[in-house]
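In: A predicted structure for the sequence below; I have some questions about it.
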Amino acid sequence: MANSVPGTITYVAQSNTETIIPVSSGTILPAAGAYSITATFTPTSPTDYAKSTASTVVNVTKAGVTETLASSAAQASAGASITLTDTVVSNTTGTPTGSVSFLAGSLALGTSTISSTGIATITTTNLPAGTSSITAIYTGDSNFNSDTATAISVSIGSPSIALAVGQPAMTITVGTTGMETLTVTPQLGYTGDVSFSCGSLPVGVTCSFSPSIGAISGAPLQSALIVTTAAPSTASVQTRPGAGMMAVGAAASLASILLIWLPGRRKRTSWAMLLLIAGISAFSIGCGGSSSAKTTPVTGPTASTLALASSATKIANGGTATFTAALTGTNAASATGSIAFYDGGTQIGQANIASGSAQLTLNSLSVGIHTITASYSGDTLNLPRDHIDVRRRRRKYRSH
């Protein structure tokens, strides 16, 4: 068994620059590089034991860093002062030294020396218009590798506002009130007053804002849009006896907001708003005729009349007659769908609408007098014309 030898051991590190550094447990070498570590044993009794040494090479590599880049503002007006701060932290021990360069894309904004706390800062007014990708590049030092911070975006432009609606659609029933919240958010440092108003409104529709004017200074501004619709009026329609041609008498008229359909039914529609102008579109209201006098509430968004004509009032047995049904009204020219033709209560044909009218040609009418009616099924812009309601148009034709 080997016996321990009394004595002392000392250690030194020698770098490639020939600098000799005494070391012990916990010693931090001054820089990255290759070091020759030498251990020297000095015996307590030099007469019994000889002094000896041993060495090894240790390679010290540079440590990594973590960078955090921040801007004093994400948006600013042209010429505004923006402060950029890059914090450089060691991934191991020690504090990085050196400098940081700041860039907007390829445009150099400036260079700053890292402080004792690892922070580099510049203030600039030279950011270009638009959105810039800002980066910070740490040059590194003898102990720490170079590094590039994750880019951030900064937008430079003219001050403005952004208008947002609380929900994309609002439903209002005839004779009731609806409310929507508008939010105005300042952009690029905008400050000042904002006023709210409505554009042209249809008859029977009113609008107000609360508040109607407000000041913006950093924080968003909200205002409540209140839309009120009047209760529906009525219209009476009546036919002239005899010839089958129908006259329409309007006792009252009603303009309704785009959001309103028939009583008890609702329709959703998207709001269209440009900055601070709340525009509300409307459909015109119409009514058809009837085979008997009656009073009917008129609450539909659009209406039109349906006229029926024939190529002949009398035809020979087996002869051909062409029936033309034509819509007239605000949206008649753009009507879609089809018109059905009836002989009494029996459907005898159907034709698609083109430019507001449809035609049906027949040679199969039996001998006798025929009461021909037409019925329109309606679409999103035109009310339907059911063949048993007051809106049908009649013509009588005889075949023999």
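Out: Nice, thanks for sending it over.
In: what about stretch 176-194, start to end distance?
Out: Length of stretch 176-194, first residue to last, Cα to Cα, to the nearest Å: 28 Å.
In: buried set for it?
Out: In terms of neighbour count (16 or more other Cβ atoms under 10 Å), stretch 176-194 has its buried residues at 178, 180, 182, 184, 186, 188, 190, 194. (Each C-beta comes from the backbone N, C-alpha and C, glycine too.)
In: so which helix or strand takes in the second one?
Out: Secondary-structure assignment from DSSP states H and E places Glu180 in strand 177-187.
In: could you pull up the mean pLDDT of that strand?
Out: Regarding strand 177-187, the rounded mean pLDDT is 90.
In: use 6 as the first number from now on
Out: Done: numbering now begins at 6, and the last item shifts to strand 182-192.
In: distance from the chain centre to the helix or strand following that strand, please.
Out: Next helix or strand after strand 182-192 toward the C-terminus (DSSP H and E): strand 196-200. Remark: strand 196-200 is offset 23 Å from the chain centroid, using Cα atoms, centre = their mean, to the nearest Å.
In: what packs against strand 196-200?
Out: With contacts taken as 3 or more Cβ pairs under 8 Å, 6 or more residues apart in numbering; DSSP states H and E, strand 196-200 sits against strand 218-222.
In: ok, and what's touching the strand it packs on?
Out: 166, 189, 191, 195-201, 226, 228 (Cβ atoms under 8 Å, 6 or more residues apart in numbering).
In: rerun at 6 Å
Out: 191, 196, 198-200, 226 (Cβ atoms under 6 Å, 6 or more residues apart in numbering).
In: angle of it against strand 182-192?
Out: Angle, strand 218-222 to strand 182-192, by axes from the mean of the first three to the mean of the last three Cα atoms, to 10 degrees: 30 degrees.
In: just how off-centre is whichever helix or strand comes after strand 218-222 within its chain?
Out: Per DSSP H and E, the first helix or strand lying C-terminal to strand 218-222 is strand 226-234. In this view, strand 226-234 has its centroid 21 Å away from the chain centroid, taken as Cα atoms, centre = their mean.
In: break this structure down into its structural domains.
Out: Taking automatic domain parsing as the criterion, the chain consists of the domains 12-65, 70-162, 166-306, 309-404.
In: ranking those by mean pLDDT, which is last?
Out: Lowest mean pLDDT of the domains of the chain: domain 166-306, a mean of 61.
In: a markdown table for the buried residues of stretch 181-199, including distance to Ser104?
Out: Below are the buried residues of stretch 181-199 laid out as a markdown table (distance: Cβ to Cβ, whole Å):
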| residue | distance to Ser104 |
| --- | --- |
| Gly183 | 61 |
| Glu185 | 54 |
| Leu187 | 49 |
| Val189 | 43 |
| Pro191 | 36 |
| Leu193 | 31 |
| Tyr195 | 36 |
| Val199 | 45 |
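In: ok, the residues you listed vs Gly162, which is closest?
Out: When the buried residues of stretch 181-199 are compared for distance to Gly162 (Cβ to Cβ), Leu193 wins out at 5.1 Å.
In: packing partners for the strand holding Glu185?
Out: Judged by 3 or more Cβ pairs under 6 Å, 6 or more residues apart in numbering; DSSP states H and E, the packing partners of strand 182-192 are strand 165-170, strand 226-234.
In: note down every partner strand of it and its orientation.
Out: Here strand 182-192 is paired, per DSSP bridges, with strand 165-170 (antiparallel), strand 226-234 (antiparallel).
In: export those strands to CSV and tack on distance to Ile374 and mean neighbour count?
Out: Rendered in CSV, the data for these read as follows (distance: least, Cβ to Cβ, whole Å; neighbours: other Cβ atoms under 10 Å):
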stretch, distance to Ile374, mean neighbour count
strand 165-170, 59, 14
strand 226-234, 47, 18
